[in-house]
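Asker: Okay, here's the prediction I keep looking at, along with the sequence it came from:
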Amino acid sequence: MKIFKIEKEVAKHVTHFDSDFLLNPIFSLAGEIKTSFVTLEAGGVIGFHQATVAQFILILSGEGEVCSENRKYQPVMKGHAVFWEQGEWHETISASGLTALDVNHIHLNLSE
C-alpha cells in the first residue's frame, strides 16, 4: 500500500505557458501513464498549450472552463471529464477554483 500526500506544501507550482496551478504527481507506470492531482485556485489557469500525449482530466470539485484550438470555452464542473487528443491545443481556467485528476498516456483511448 502507498498513501499519497496531496497538499499544497508538497505540490509543484506550475507556471509554463502562463499557467498558475498546483501539481501533485501521484504515480507513473513505466513512464507511459502519468497521473497527477491538479489544483487551480481562484483565478487559476493551465495555460494554452499543445498536448504532447493524450490527456484526460476528471473534475473532482469546483468548476471552470476548458477550450481546444478554437478557443471557445465550455463550462466544466464536478463529475465532468475532458479528453484532449495528442497534438490538440487546449486550456483550462477557473474563476472560483477546481481540483482534478489528470491522466496522460500516449496510447490513451476512450470507450464510448
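Answerer: Structure's in. What do you need?
Asker: Just the CA atoms of stretch 45-52, as CSV, please.
Answerer: This file holds the C-alpha atoms of stretch 45-52, laid out as CSV (Å, rounded to 0.1, in the frame of the first residue of the first chain):
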residue,chain,number,x,y,z
VAL,A,45,-5.1,28.5,-15.3
ILE,A,46,-3.5,25.7,-17.1
GLY,A,47,-2.2,27.8,-20.0
PHE,A,48,-2.9,27.3,-23.7
HIS,A,49,-0.6,24.5,-24.9
GLN,A,50,-0.4,21.6,-27.2
ALA,A,51,-0.9,18.1,-25.7
THR,A,52,2.3,16.1,-26.1
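Asker: Which stretches in this protein count as strands?
Answerer: Remark: strands assigned in the chain by DSSP state E are 12-14, 21-29, 33-40, 44-50, 54-67, 74-77, 81-84, 89-94, 98-105.
Asker: Just the buried positions in the shortest one, please.
Answerer: Along strand 12-14, these residues count as buried under the neighbour rule (16 or more other CB atoms under 10 Å): residue 14. Using the backbone N, CA and C atoms, a C-beta is placed for each residue, glycine as well.
Asker: Kindly report the same for stretch 44-58.
Answerer: 44, 45, 46, 47, 48, 51, 53, 54, 55, 56, 57.
Asker: Show me the contact partners of that stretch.
Answerer: For stretch 44-58, contacts defined as CB atoms under 8 Å, 6 or more residues apart in numbering pick out 14, 16-21, 38, 40, 64, 67, 71, 80-94, 97-98, 100-110.
Asker: picking up where we left off before, could you dump the buried residues of stretch 44-58 to JSON lines with distance to residue 30?
Answerer: Listed next are these as JSON lines, based on distance: CB to CB, whole Å:
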{"residue": "44", "distance to residue 30": "30"}
{"residue": "45", "distance to residue 30": "31"}
{"residue": "46", "distance to residue 30": "25"}
{"residue": "47", "distance to residue 30": "28"}
{"residue": "48", "distance to residue 30": "30"}
{"residue": "51", "distance to residue 30": "20"}
{"residue": "53", "distance to residue 30": "14"}
{"residue": "54", "distance to residue 30": "16"}
{"residue": "55", "distance to residue 30": "18"}
{"residue": "56", "distance to residue 30": "18"}
{"residue": "57", "distance to residue 30": "22"}
